[in-house]
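Peer 1: Got a sequence here, can you build the structure:
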Amino acid sequence: MIQYKCFKCGKKINANVLENRFLCPYCGSKIFYKPRTKVKKIKAV
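Peer 2: Numbers count the residues shown, from 1 in each chain. Just a heads-up that it's a prediction; the model follows:
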């Protein structure tokens, strides 16, 4: 499941909600981004 995050209000929004119109249902913004997953770095000994 793809999730986007609104740039203006910071709420997470599922792609299902954005199928018809690409507007934030909370604040009406049109700017979104996909949050990146956190990557753990392991140091080699």
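
Peer 1: going forward, measure contacts and count neighbours with C-alpha atoms only.
Peer 2: Will do.

Peer 1: My read is that A15 contacts M1, right?
Peer 2: Yes: judged on C-alpha atoms under 8 Å, A15 makes contact with M1 at a distance of 7.5 Å.

Peer 1: which of these two has more neighbours?
Peer 2: For the pair A15 and M1, the greater number of neighbours falls to A15 (13 against 5), based on other C-alpha atoms under 10 Å.

Peer 1: Please read off the pLDDT at the more buried one from the model.
Peer 2: A15 is assigned 85 on the pLDDT scale.

Peer 1: try the one 3 residues further on
Peer 2: L18 carries a pLDDT score of 76 in this model.

Peer 1: now the one 3 residues further on
Peer 2: Reading off the per-residue confidence, R21 sits at a pLDDT of 80.

Peer 1: so what's the backbone phi/psi at K5?
Peer 2: Note on K5: its backbone torsions stand at phi -120, psi 130 [degrees, to the nearest 10].

Peer 1: Can you give me the pLDDT of it?
Peer 2: The per-residue confidence score, pLDDT, reads 92 for K5.

Peer 1: Residues in a beta bridge with it, which ones?
Peer 2: Legend: beta-bridge partners of K5 under DSSP bridges are K12, Y33.

Peer 1: Next up, the contacts around it.
Peer 2: Taking C-alpha atoms under 8 Å, 6 or more residues apart in numbering as the contact definition, K5 lies against 11-13, 32-35.
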